[in-house]
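In: quick check, what structure comes out for this input:
(one chain, ligands or ions: 1)
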Amino acid sequence: MELIRAEEVMASHPEHERLAHDPAYAFGSAYVADHFCPIYEASVPLIDCGFMHADAVYDVVSVSRGAFFRLEGHQARFARACDAIRVRNPFSREREAEILHELVARAGLRDAYVWWTVTRGQPPMGRSEMVNAANFDNRFYAFAVPFVFLADDEQRTRGIDLIVSRDRIRIPPRAVDPTAKNFCWLDMQMALFEAGERGAEWAVLTDEAGYLAEAAGANIFAVIDGTVVSPDSGCLEGLTRRSVVDLCSELGLPAELRRVHADEFRAAQEAFMTTTAGSIMPVRSVDGIPIGGRNGPGEISVRLHNLYWEKRWGGWHATPVRYELAV
Ligand SMILES: Cc1ncc(COP(=O)(O)O)c(C=O)c1O
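Out: Numbering: from 1, shown residues only. Now for the predicted structure:
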């Protein structure tokens, strides 16, 4: 089965054509300090703890063919993340959604990567006041840019070269809760550099005991004895991961969230990663060894990838963008 070249479709299909927009929004739109602006005018105060301490939670939702995907699911996850780190979102769920719609509408995007955050914000003046979460001035920021494929058509078609990081482990959940999507990326970024040094393109991190947690910016899956498996803990509860589990049941494929040891992973028949910014990304090698003895993506990975895009473009979990909000 040929993998759908989703990037090419977005660049050429009339239903993906960008709508008329103010040229100032050509590179994207942002919402900062309570106003909309072109993305290149957006900035963050130096003393925002989001910047200084990676003290923030965020979420990313995608738009394709003029519709958000699982918008309510992303907003619900974001609300849980805010509660988990004790920041107050200054906006209601409805107003938050309206801002996200307006960002996409202003830039006229039919395919978009839409990011938003609430940061801890400006710290209170006295150190002793830092013990109280209510003393911080939490801040909301957001932006929308043209859709981002973390793995392009070519990479998804041939499969990604992945390593299991030897140098790093995923930050333990008791230190930073990975289910609250947050700014702490250093473990994952350093593992990505390790991947580069080892001649690969991407890295997956384990916990201290060698069980898979997640890849840098993506959930990890394997096909083991015909079952599609992914870690049940130590990772973000990805919306794309949830979509894959749904797609498996539609295809009659057994799927299970459970602990997966790195050794079991290396011996899997197939592997792939999932993330909003890139969808389902097949893997072709792990630690330099072709996965499943092939030199390319596995059949189940490609079937899931293609069904994901077909269903999305067919209106699955779609919320049409309110383009009338553009001014
Ligand atoms: C650490 C991490 N894990 C998993 C994911 C995948 O989550 P989702 O499918 O909701 O985009 C992401 C997405 O950015 C991520 O940053």
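In: and F51, what does it touch?
Out: Counting by Cβ atoms under 8 Å, 6 or more residues apart in numbering, F51 touches V44, P45, T119. Yep, even glycine has a C-beta here, placed from its N, CA and C like the rest.
In: what packs against the strand or helix carrying the last one?
Out: Going back to what we said before, that points to T119. Element membership for T119 (DSSP states H and E) is strand 112-122. Counting contacts by 3 or more Cβ pairs under 8 Å, 6 or more residues apart in numbering; DSSP states H and E, strand 112-122 packs against helix 49-53, strand 56-64, helix 71-85, helix 93-107, strand 137-146.
In: number of nearby residues for the residue in the stretch 1-150 of the chain positioned nearest to the ligand?
Out: Closest approach between the stretch 1-150 of the chain and the ligand, counting by Cβ to the nearest ligand atom: V60, at 5.6 Å. Residues lying near V60 (other Cβ atoms under 10 Å) number 18.
In: that one contacts A112, correct?
Out: No: between V60 and A112 there is no contact under Cβ atoms under 8 Å: 10.3 Å.
In: near the ligand, which residues of the stretch 201-327 of the chain? Just list them.
Out: 214, 217-219, 235-236, 238-241, 274-276 (Cβ under 6 Å from any ligand atom).
In: at 8 Å instead, please
Out: 214-219, 235-243, 274-277 (Cβ under 8 Å from any ligand atom).
In: same for the helix or strand where E7 lies, what does it pack against?
Out: Element membership of E7 [criterion: DSSP H and E] is helix 6-12. If you count contacts as 3+ Cβ pairs under 8 Å, 6+ apart, helix 6-12 packs onto helix 153-158.
In: can you give me the pLDDT of G278?
Out: Listed pLDDT for G278 reads 89.
In: surely it meets F147?
Out: No: in this structure, G278 is not within contact of F147 by Cβ under 8 Å, at 9.4 Å.
In: show me what counts as buried in the strand or helix carrying V302.
Out: Element membership for V302 (DSSP H and E) is helix 299-313. By 16 or more other Cβ atoms under 10 Å, the buried positions in helix 299-313 come out as 300-309, 311-313.
In: so the closest residue to D232 other than its chain neighbours versus R303, what's the distance?
Out: Nearest residue to D232 in three dimensions, chain neighbours excluded: L257, at 3.8 Å (Cβ to Cβ, 6 or more residues apart in numbering). Using Cβ to Cβ, to the nearest Å, L257 is found at 20 Å from R303.
In: ditto for E41
Out: 43 Å.
In: and the stretch 51-200 of the chain, which residues reach the ligand?
Out: Going by Cβ under 8 Å from any ligand atom, the residues of the stretch 51-200 of the chain near the ligand are D59, V60, H74, R77, P178, K181, W185, M188.
In: now the buried members of these.
Out: D59, V60, H74, R77, P178, K181, M188.
In: quick one on the thing from earlier: going by distance to the ligand, which of the buried residues of helix 299-313 wins?
Out: Y308 (10.9 Å).
In: which regions of the stretch 101-250 of the chain sit below the pLDDT cut-off?
Out: 127 (pLDDT under 70).
In: in helices, which of the residues of the stretch 201-327 of the chain next to the ligand fall?
Out: Those of those mapping onto helices are L239, T240, R241, R242, S243, per DSSP state H.
In: the fourth one: how many residues sit nearby?
Out: Under the neighbour criterion other Cβ under 10 Å, R242 is assigned a count of 17.
In: picking that back up, beta partners for the residue nearest to D232?
Out: S230 (DSSP bridges).
In: okay, now the domains of the chain?
Out: 6-148, 153-313 (automatic domain parsing).
In: including distance to E324, could those go into JSON lines?
Out: Converted to JSON lines, those look like this (distance: least, Cβ to Cβ, whole Å):
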{"stretch": "domain 6-148", "distance to E324": "7"}
{"stretch": "domain 153-313", "distance to E324": "22"}
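In: circling back: now the strand holding T119: how far from the chain's centre is it?
Out: 13 Å (Cα atoms, centre = their mean, to the nearest Å).
In: for stretch 223-236, same thing?
Out: The mean C-alpha position of stretch 223-236 is separated from the chain mean by 17 Å, Cα atoms, centre = their mean.
In: stretch 235-242 now?
Out: With Cα atoms, centre = their mean, you get 9 Å for stretch 235-242.
In: what of stretch 56-76?
Out: Relative to where its chain is centred, stretch 56-76 has its mean C-alpha point 9 Å off (Cα atoms, centre = their mean).
In: dump the C-alpha coordinates for it into CSV.
Out: Coordinates of each C-alpha in stretch 56-76 appear next as CSV, following Å, rounded to 0.1, in the frame of the first residue of the first chain:
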residue,chain,number,x,y,z
ALA,A,56,4.1,26.5,31.6
VAL,A,57,1.6,24.1,30.0
TYR,A,58,0.6,24.2,26.4
ASP,A,59,-1.3,22.3,23.7
VAL,A,60,-1.3,22.0,20.0
VAL,A,61,-4.2,21.3,17.8
SER,A,62,-4.2,21.0,14.0
VAL,A,63,-6.4,22.2,11.3
SER,A,64,-6.7,20.5,7.9
ARG,A,65,-9.1,21.2,5.0
GLY,A,66,-10.5,24.1,7.1
ALA,A,67,-11.4,22.1,10.2
PHE,A,68,-9.9,21.6,13.7
PHE,A,69,-9.3,17.9,14.7
ARG,A,70,-10.5,16.8,18.1
LEU,A,71,-10.6,20.4,19.3
GLU,A,72,-12.7,19.6,22.4
GLY,A,73,-10.3,16.8,23.3
HIS,A,74,-7.3,19.2,23.1
GLN,A,75,-9.1,21.8,25.1
ALA,A,76,-10.1,19.3,27.8
